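Chemist: What would the 3D arrangement of this be:
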Amino acid sequence: MSDLLTHWAVADDCLRIAAKDAATDAALIAVADAERPYFYLGAITRYGSQWSTEMQMLLRDVPAEDLSTPATARKMAFALGGIAHYPADLVLKPLMTRLAQADWNRTHHAMQAGEAGAVSVREISAYYDCHVFREVYGAGDQSPFNRFLLAPNETSSGQALESFVRSLFQRALLACHTLAPDRNDFSGWLDRLIAQVQPLYLEIDLYTRVFQQPDPEKIAAFEVETSFYRRDDPAIVCARAIAAGATPSQEEIDAAVASSANASGYGQAVALGVRTLRAASEYRRGEREEPPSLKQ
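Modeler: Below you'll find the model as predicted:
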């Protein structure tokens, strides 16, 4: 499951609502907001049930004033990002799995009948990402993105520039030689490193095509505007209102993030993320013995 923008958007909307939520620790939200790059990094990092829980336990007794120190603040922001990653996976992975299987069945029968067809879980992911790019980030009008992210790039000079930038990125990765291997178990260290690194397999051309020329039939088949993202879901309405400058009441927030309030996967993920941030706040205040579980 890639849906990088979807993970990012869920994290942003969780933080938007939590910042207005009296039940969420204001010090935690301030740290996540101040250290946004680390919060975002945590939101797209896998296995949060392991490292986010550990970071919460490690940082539980750190005084609020000490959270402002860079090293501590970045660890906490990263841990909070892991909390935001968890509901996106928990809620949306089953949805994508179901739709991918249904799409496979449709395509399989079509190909047996001699019709053209192709199955791609990544295409479902691309439709979801492009939808939140429109809905949550205003097609690039909202920070941290801009309209050039998924703009068409069909000229030879534009494609050459894109290839050049990709080459620079690859060379920058090659230049990052600061990893320190375990000299006593290099083979095992390398196996663990390879197992933890998720390949960057996003297809830029696919995303650009889906954003610029979405197929109405696929929007319906992938349930983009129903099972994935419903504009009338209370959590989504609340997040979009806050993004527009509104301040909802605590009663409105409570109703928006209630466990059964939202019908779409995105709305459910945002609501669960806020509730989990509340649980993390309770843990930090000593109101619960264990940090919130992020197991999927």
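
Chemist: going forward, measure contacts and count neighbours with C-alpha atoms only.
Modeler: Will do.

Chemist: now the stretch 101-250 of the chain, which segments are flagged as low pLDDT?
Modeler: Flagging of the stretch 101-250 of the chain using pLDDT under 70 yields the residue ranges 103-120, 139-181, 186, 190, 193-204.

Chemist: For the protein, just list every one of the helices.
Modeler: 4-19, 26-34, 36-43, 48-59, 70-112, 121-135, 156-175, 186-196, 204-212, 216-221, 234-243, 250-256, 265-284 (DSSP state H).

Chemist: Identify whichever of those lies nearest to K295.
Modeler: Evaluated with Cα to Cα, the helices of the chain place helix 48-59 nearest to K295, the distance being 5.4 Å.

Chemist: list the buried ones in that closest one?
Modeler: Neighbour counts over helix 48-59 (16 or more other Cα atoms under 10 Å) mark 48-49, 51-53, 55-56, 59 as buried.

Chemist: One more: stretch 20-32?
Modeler: So stretch 20-32, judged by 16+ other Cα under 10 Å, has buried residues 20-21, 23-32.

Chemist: For P234, grab the count of nearby residues.
Modeler: P234 has 23 neighbours, counted by other Cα atoms under 10 Å.

Chemist: State the distance from the closest residue to it other than its chain neighbours to L5.
Modeler: In space, and not counting its chain neighbours, P234 is closest to A256: 4.6 Å by Cα to Cα, 6 or more residues apart in numbering. For A256, the distance to L5 equals 22 Å [Cα to Cα, to the nearest Å].

Chemist: ok, so of the buried residues of stretch 20-32, who is nearest D12?
Modeler: A32 (10.2 Å).

Chemist: what sits against the closest one?
Modeler: 15, 38-39, 73, 76-78, 80-81 (Cα atoms under 8 Å, 6 or more residues apart in numbering).

Chemist: what about it, distance to L41?
Modeler: A32 is 11 Å from L41, by Cα to Cα.

Chemist: residues shared between the contacts of these two?
Modeler: 78, 81.

Chemist: List the buried residues of stretch 125-143.
Modeler: Within stretch 125-143, judged by 16+ other Cα under 10 Å, the buried ones are 125-133, 135-137, 139-140.

Chemist: again, but for stretch 206-214
Modeler: Quick answer for stretch 206-214 (16+ other Cα under 10 Å): 207-211.

Chemist: With stretch 266-278 instead?
Modeler: Per 16+ other Cα under 10 Å, stretch 266-278 contains these buried residues: 266-278.

Chemist: same thing with stretch 288-296?
Modeler: Buried-residue list, stretch 288-296, by 16+ other Cα under 10 Å: 291-294.
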